[in-house]
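Asks: turn this into a model:
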Amino acid sequence: MGWIVLIVVLLLIVAWLVLTYNGLIAARNRTQEAWSEIDVELKRRHDLIPNLVNTVQGYMGHERGTLEAVTNARANAVAAGATGDPAKIGQAENMLSQSLRSLFAVSENYPDLKAISAFTNLQETLTATEDKIEFSRRFYNGNVRDYNIALQTLPTSLIAGVLGFKPFAFFQADEGDRAVPQVSFTQGSAGGPPTASTSGPPTASTSGPPTQ
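Replies: Numbers count the residues shown, from 1 in each chain. Have a look, this model is predicted:
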């Protein structure tokens, strides 16, 4: 009788291990898939920026510093994405968002540019991409929350590390990302065009999942 009880207990433990392992695998895969959606949108944004710069440089030739800032920030973001380092990706994407804000703020001084359909289309596409990044960020963070809770809750936490499961990092937004950027204009000297200034922090920075 004792052997039967022991066998039943062992079978229950094995069944629990199998179910727990499979559940963690499924949760991890969902989280990695959610991150891949963010990655796709970030790369889409990177691909749009060269076209944006080429479109505006003919109208904003003397805004060389602004254009160079966007180009350099885009190159840094691409390089950071290739490293897979969440901290580097977040910092680089944050700087890219900041440089794009500056570019669009300055573009307010050029009504001829704003009348060009190529520019307005790119601006709208980039705005839509930002919205998709934000939606993907929320979806990813939800999966990270559920996965990390499962990972850190007893009794799963007793075996998760042994089985090679690690928590994911959240895709955090900057605190100031919740604030709407403000654009103000001051009249230039000698009847020149107004100059734009922006306040408010850049958009969301990213933090990718650690390698599993």
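Asks: next SSE after the helix or strand hosting residue 94?
Replies: Element membership for residue 94 (DSSP states H and E) is helix 86-107. As assigned by DSSP H and E, the chain's next helix or strand after helix 86-107 is helix 111-114.
Asks: in that next one, what counts as buried?
Replies: For helix 111-114, the neighbour count (16 or more other CB atoms under 10 Å) marks residue 113 as buried. For every residue, glycine as well, the C-beta is placed using N, CA and C.
Asks: pLDDT of the next helix-or-strand element following that helix, averaged?
Replies: The C-terminal neighbour of helix 111-114 among helices and strands, as given by DSSP H and E, is helix 117-152. Across helix 117-152, the average pLDDT comes to 90.
Asks: and the next element down the chain from helix 117-152?
Replies: Past helix 117-152, the next helix or strand by DSSP H and E is helix 157-160.
Asks: could I get the CA-only coordinates of that next one as PDB?
Replies: Taking C-alpha atoms only, helix 157-160 is exported to PDB below (Å, rounded to 0.1, in the frame of the first residue of the first chain):
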ATOM      1  CA  SER A 157       9.900  30.000  -8.200                       C
ATOM      2  CA  LEU A 158      11.600  27.100  -6.500                       C
ATOM      3  CA  ILE A 159      12.300  25.400  -9.900                       C
ATOM      4  CA  ALA A 160      12.200  28.200 -12.400                       C
END
